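Task: produce atomic coordinates for the following.
(3 chains)
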Amino acid sequence: MSDGIKRRDFLKVLGTGGAGATVFGCSTQQVERLLPYVVPDEDITPGVATWYTSVCGECPAGCGIWVRTREGRVVKVEGNPDHPVSGGALCSRGFSSVQGLYDPDRIRTPLLKEGGEFRAITWDQAEGLLAQRLEGGSNHLFLTGRVGPSMTDLLDQFLSFVGGSRVEYEALSEAPLRNATRIAFGRNFLPTYDFEQARLIYSFGADFLETWLSPVAYQRGFARMSGVDAHGSKGRMVFLAPRLSLTGQNADEWVPLRPGCEAVVALSMAHVIAREGGDAGPYRAVLQAYDPANAETASGIPAREIEELALRFLQEAPSLAVGPGVAGHHRNATAANLAVHILNAVAGNVGRTVRLRQVDEGAAARPFAELRSAMDAMAQAGVVMILGTNPAYSVPPPAGFPAALASAGFRVAFSTAMDETARLCDLVLPDRHFLESWGDSMPRPGVFALQQPAMQPVPLFDTRQAGDVLLSLAARLGGDPGAATFYDYLRSRWAGIGALAAPGTGFDSFWRDALRKGVVELTDQEEEGPVPLRSPDTALSFDPPPLDGDGEFTLVVYPSSRFGDGKHANRPWLQELPDPVSKIAWHSWVEVNPNAARRMGLGTGDLVVVRSPHGQVEVPVWVYPGIREDTVALAMGGGHEGYGRFADGNGVNPMVLLPAEVEQPSGALVKLATRVSLDPTGRRRPIATIEGSSDQHDRPIAPAASLASLTRGSGEAGAGEEQGESGHGQLKEIQAMGGFAPVATEGKPQDFPLEGSRYGQYDPAANPRWAMAIDLDKCTGCSACVIACQSENNVPWVGEEQIIMGREISWIRMERYYETVDAGHPGPVDIRFLPMICQHCGNAPCEPVCPVYAAYHTPEGLNAQVYNRCVGTRYCANNCPYKVRVFNWFSFSEVPEPMNWGYNPDVTVRSGGVMEKCSFCVQRIRETQNRARIEGQRPVRDGEVVPACQQSCPAEAIVFGNIRDPHSRVAQVSQNGRGYRVLDALINTQPAVTYLKKVTFHEVHGGEH
Amino acid sequence: MKKPWSLAALTGVAALATLAFAQSREGGSEPPPSASATVQPIAFPHSTHAGQFQIDCQYCHFSAERSVDAGIPPVASCMGCHTVIQGRNQPEEVNKLRDYWARGESIPWVRVYKVSDHVRFPHMRHVAADAGNLECQECHGLVEEIEVIQEVAQPLKMGWCVDCHRQKEASIDCTVCHY
Amino acid sequence: MATAINEKERGALTHPDVGSFGQVNRDILKMLSRPGKGWWALFLVAVGGVGLFFSAWIYQITTGVGVSGLMNPVGWGVYITTFVFWVGIAHSGTLISAILFLFRAPWRQSIYRAAEAMTVFAVMTAGLFPLIHLGRVWHGYWLIPYPNSRFLWPNFRSPLVWDVFAVTTYFTVSAVFFYLGTIPDVAAARDQATGLRKKLYQVVALGWRGTDREWHHFGKAYIFLAAFATPLVLSVHSVVSWDFAMSIVPGWHATIFAPYFVAGAIFSGVAMVITLTVPLRKIFKLEAYLTVRHFDAMAKLILLTSLIVMYAYLTEFFMAWYSGEEVERSVFWNRLFGPYWWATWIMLVCNGLVPVMLWFKRIRHSIPALFVITLFINIGMWFERFVIIVTSLSHEFEPFAWGQYRPSMTEMAIVVGSFGWFLFWFLIFTRILPPVAIAELKEVLPAPRRGARKEVTAP
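This next block holds a predicted model:
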């Protein structure tokens, strides 16, 4: 379409790839210009994607990524299959990093504040000024977030040179867990958990599918563990927390724990297990006090429940308990984590599912405690430098961070985009995005990954990598850092790793391999077997923590699975991604239990003032059955002021409700600290949700099968398909000229188009039939696929008011249906997720109704949508029973420069007034077919075509391929007894997507769905 | 008295006919590049290079056989010859080239051949040995005889593509080009 | 004695108070003279409506269909509602003029002209809405089959393409039929008119002189067109109903839709005829020509069709329940008690309850009452289409994708404006064409005879 993606834009970049920014004038000219390279870049072929390995910088997990570039411009990131953490997958935040790179609100030049106003200056001036300040002052401070090992070393080296100290403040740090590990096992390092090996998981509120430690890796492990296997065996998860997070929604049982009671319950379980002969080591005495009876009074969980849980934890070995996550950081968080460690140790999980290493990462980082002392020291500090952390936003106001920062002599921010903290600084130095810069990461001991720039820095922004700036500063100050650029510095540090990893081979070849593979795994970091418990060296209280205030509800503040601590908030993709739990986009909400809401006469959308002793926010209610009656919850990441056009003014920042208090042993910020009251304002606001009804209304949409019914014999599981293919009997299809006649078919995807309707090029022998299978027993609803799809297919975002009008345009609708949710007492929880995409029906209702053949069936069985033919009657959408067709109500594709750079050149950008939908990534099918053809006309291999959603899925739930090939994986998986096709029994649409039923431990009532 | 009516009727029919005709020719996409578009920054004579000196198309348009884009030669590959060859016909044009090289700028060639943005044209499928062995000339005309590249008679419109696909029994499925 | 006979004759007359042919010419053609204040007031309103209509539409084209309240899953809203509404209105015209002509219904003559005009203008209005609702209206012509080098044709399986044919055919035929019927009257007007008007009428009248031969051909042509138009009355709205019935949307996918829609169309059409002729009668003092008897007849027709429509409603609900299909049941339950309950109840009351009053002769004979009742019916029928379209779409198979639709200001501006657009043409019509068929009226008047006048006016 005329305002489709502008080739011009690419060629522009293709020019800048070689020729620098000189060519930008051309885009404004009428006549279209072709801009060749001056000197060809050997690893770029115009029109062919070039991939670079790197490391995702969005969270400390450090997933390895592959960066897809076209004409020298990043268009997508994907997980690096060779990387032990990401294993080829990525989370929604990772996929959104492209929008971080092309954020139109990035800082364009160095800025100096004069009279409260920022003024653009040159890099030379900026560095000169900073150097002079550094020389002038003393005991400088450097606040950083989590940075790679090399950068850490450089910082320390630099600070020792200019005289100063470094403070690491990561708002979501797991300091209590780390400290508990030190106390329990003397290992000053975060343990790693083997979810895959476990058969029974007790999560005391650890959101390991969303934000906890290493969500992508853990989700993969969890999906493998909880997904039912060929022998009908399936691991189980019990969630013990006041609120069901996404992780909780994926649990099989929910024990709605009173907030802060993890320690009590964990210890009393340990007590029972110890009684059964488990070895509690030095804690034997401690455990005596925690027999289930006492625990019942403290936690409200019936003693027999605890007994039973404990015994199962012992029997269904290997089991695994994971401690309270960030949302559970209360005043005794370290004790709670220690209790969970004890439970694991007593049950003999240490060394099996809990992996420890004999490494010490130096003194335990005490993030918030250190930040507090740093703030006290700021008044004396000459220069305060800030990199990769945003305390002005993420620290509770009572701490008075802005005032402390103001007391410093000079304030400098290294930042890609202007944020709340940078605004408080005198000098703002635009940093490179991680996709433009060098770096490395150590996701776990012995695993090193390289971060390399995948493209030339976006020329709109005059940026310099912080590392380079430090080095040149050092040079200006007459020091000799031993390297001119951070690149050299990195190489010099990696020489050591090279020597260990690949002794013998020269460094350059090692470096090349490291860059190609993206990761180096040293083998000398053996994991240890069982490690005995040590007697505690710190005084700890296992009691439920005290809470401030006397409000009616306990406030749970949890890290958002979209924004983390809020640093990803300026990305429209994530803002518009419906929260996996609430399905609400753009704005904040407070989760309230239905009974509590009824009692207070509140409903979803009612605005309430959440008031704590420390502050208050006004936010709409979202009634959620997955939270205790005495608890309300708020997500982090909202309520930015001065972070960017997409973040500002959306939602609220729950940190203003918290005290600025340190959890003593670990030095973490206390997050579960206060009680709040809800005061209705009497006003309402429309909720920007994509959720129509979360009840299936007895329709065959997301049925489930009980494990028992599977083991009773796969035959029955197959017969469980009361909405199965058998329903159709003989199908009728229009015959050549003979009108309607019966056609024998079992209604399998591969049969369509049916005999008698195969004209011209519709020959089943000559064509594949693309099909997909999705295992709902693996799918966790994490919504990574939604963003991956958006990035791959140039799916626009529409904004809050459009979502409120019901005009979401995402191609994947992650549906979430409640079956069994009971916050009243412990019991099974059953919440179904279903990624709803275009089903590419064999009998597609959308096809016959399109008056212009914009929607039609391709010979390869795709249900195609030809954008440039569409006139926008929307009849197809009306007639689509799955409601997966979305309409461009306006020209949503017009995005601020340089966001359009992220467009995928292989996919048409849709203009206003046309219908669009999932295409099974037809561009990838074509790319593969083209490759196969020029590689000597070889056939396309099974598994060679990988749609973006399948590629992205951390749970490995999606399979795609040619179902006409009986040996293809998709054909095999579709045969599974759990297989069914949504609504097919009702309306004979013959979808190409086969879903595998979720498997539950409890009997499924209401006819399998 | 009947005249005005018959007249009106005739004009109506005529109008409809013209619309239909116009639409049948017009592929529903942008107009072809304006005449001024063909004034190139450097008067590059294809006739000399491809014709007189018999340089293979893909020597300069290097990626035609393996990519969707045919590839515009980097200034470097021009200089490959023109560092030594001054050229007899228009030495001043060669100097322009050398200036670009010296300045390290890319040459802003004016685009002549362009399909609409909603069309995917993979060169390699058309050029590569297997796919019907299309000669570049079949679409681009006798480049070796043309001094200044112009879009040859047939417009790059869908009807024209479909014609060829039908003749050569290539797929005429919409999603071969539109996705 | 003689009077008794006369009284008997009188009863047989359709227009007892019309004395002579001459009077007819005078009375009717009088309407074409200088317009009064009332007319101008109405005309200004109409022009305002047209302005609103097009400014809103242009705004939508330049900004995007998004300025409407449409959303996923409700892709069709008040635009298609209003389209169906106007197509429905368009029906009675042909019905009255063609079918009643074939059945020789004596009461048709004085109203059919207005009814036909209404038909033509209603189709002109209706035809715009499918264009208005398009996402890319500038490509709307792709629905028309025309030769092109891309070998691209419309999809003849799509009901929307059937619509294109149905509506255009209906427009052509009813326009020709309408025009043909006016020729003799235009000629009559021509003979009285002067200046520019005369010129215009001369062209339009095609030189009609009223010879026997002309009358003979006229009669033939007229009856032929009547016969030709009659099936269209049924076919057009059946096709329109298939836009819905051919889909799989619960609440749409029903076999009774064709008859159901046709009945509804006649229902609303006749109602609209009354709504329009009542003021016409008043303004132009046509009491002598549009007698209570006519309104009584139309009222009966309304009553009949109302019963049919009501029956259709009940059938829908019954079938939904009887099918035992959860989806169907859910949709119809949602209609009655869901977020759009008000629309459904408006529909039921206006189309089912209100017409019941027409059982009473007194009400059928009270012009004001009829006027009010028909207004209710017009509203009710508009909501019928709204209910069918919106409630069904908002509550389909996929519960997670359910959603509510709220019309936007722009949308309503276009809908309201369309009434201005219709009124605009209708008012012009009343000015330049005799709104009552003079010639045919004369057919049903007693032939002039000596002394007749005296008798008629006798007490």
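
Which residue, other than its chain neighbours, is closest to the closest residue to chain C within the stretch 201-350 of chain A?
Taking Cβ to the nearest Cβ, chain C has its nearest neighbour within the stretch 201-350 of chain A at A:Gln249, 14.9 Å off. C-beta: built from backbone N, CA, C; applies to glycine. Spatial nearest neighbour of A:Gln249, chain neighbours left out: A:Ile831 (4.4 Å); criterion: Cβ to Cβ, 6 or more residues apart in numbering or on different chains.

Closest residue of chain B to chain C?
Closest point on chain B to chain C, by Cβ to the nearest Cβ, is B:Gly159, at 2.9 Å.

what about A:Ala502, neighbour count?
When neighbours are counted by other Cβ atoms under 10 Å in any protein chain shown, A:Ala502 registers 16.

So it sits against A:Asp513, correct?
Yes: look at A:Ala502 against A:Asp513 with Cβ atoms under 8 Å: they come within range, at 7.4 Å.

one step back: shouldn't the residue nearest to A:Gln249 be within a helix?
No: using DSSP: H, G, I helix; E, B strand; the rest coil, the assignment for A:Ile831 is strand, not a helix.

Return the residues in contact with it.
Going by Cβ atoms under 8 Å, 6 or more residues apart in numbering or on different chains, A:Ile831 touches A:Leu244, A:Gln249, A:Asn250, A:Gly626, A:Arg816, A:Tyr817, A:Tyr818, A:Glu819, A:Val821.

could you redo these as TSV and give each row neighbour count, pLDDT and secondary structure?
Converted to TSV, the contacts of A:Ile831 look like this (neighbours: other Cβ atoms under 10 Å in any protein chain shown; pLDDT from 0 to 100; DSSP: H, G, I helix; E, B strand; the rest coil):
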residue	neighbour count	pLDDT	secondary structure
A:Leu244	26	95	coil
A:Gln249	23	96	helix
A:Asn250	26	96	coil
A:Gly626	25	95	coil
A:Arg816	22	95	strand
A:Tyr817	22	95	strand
A:Tyr818	17	94	strand
A:Glu819	22	92	strand
A:Val821	20	93	coil
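
Please enumerate the helices of the stretch 1-150 of chain A.
For the stretch 1-150 of chain A, helices defined by DSSP state H, counting those that start in this stretch occupy the ranges A:7-19, A:92-95, A:97-101, A:123-136, A:149-162.

how about the fourth one: buried residues?
Within helix A:123-136, the residues scored as buried using 16 or more other Cβ atoms under 10 Å in any protein chain shown are A:Trp123, A:Ala126, A:Glu127, A:Leu129, A:Leu130, A:Ala131, A:Arg133, A:Leu134.

Any idea which of the helices of the stretch 1-150 of chain A gets closest to A:Ile774?
The closest of those to A:Ile774 is helix A:92-95. By Cβ to Cβ, the value is 17.7 Å.

Now do that closest one: distance to the chain's middle.
Put simply, helix A:92-95 sits 5 Å off its chain's centre (Cα atoms, centre = their mean, to the nearest Å).

helices or strands up against that helix?
Counting contacts by 3 or more Cβ pairs under 8 Å, 6 or more residues apart in numbering or on different chains; DSSP states H and E, helix A:92-95 is packed against strand A:73-79, helix A:572-576, helix A:784-792.

just to revisit the earlier point, quick one, which of the helices of the stretch 1-150 of chain A is nearest to C:Gly264?
helix A:92-95 (49.5 Å).

now what about the closest one, what contacts it?
A:56, A:58-59, A:63, A:65, A:76-77, A:79, A:86, A:216, A:561-564, A:568, A:573-574, A:577, A:782-784, A:786-788, A:790-791, A:952.

What's the local residue count around C:Glu398?
25.

Confirm for me that it is in contact with A:Met836.
Yes: the pair C:Glu398 / A:Met836 is scored as a contact, 7.2 Å apart, by Cβ under 8 Å.

between these two, what contacts are shared?
In contact with both C:Glu398 and A:Met836: A:Glu815, A:Tyr882, A:Lys883, using Cβ under 8 Å, 6+ apart.

Assign the first one to helix, strand or coil.
Translated: A:Glu815. Relying on three-state DSSP, one would call A:Glu815 strand.

partners of it in the sheet?
Judged by DSSP bridges, the bridge partners of A:Glu815 are A:Leu834.

The residue lying closest to A:Gly518 once chain neighbours are set aside and A:Asp82: what is the separation?
Counting by Cβ to Cβ, 6+ apart, A:Gly518 lies nearest to A:Thr53, which is 2.9 Å off, once chain neighbours are set aside. A:Thr53 sits at a distance of 8 Å from A:Asp82 (criterion: Cβ to Cβ, to the nearest Å).

can you pull the contacts of the spatially most central residue of chain B?
Centroid-nearest residue in chain B: B:Tyr113, 2.6 Å away (criterion: Cα atoms, centre = their mean). The neighbours of B:Tyr113, taking Cβ under 8 Å, 6+ apart as the test, are B:Cys139, B:His140, B:Glu151, B:Leu156.
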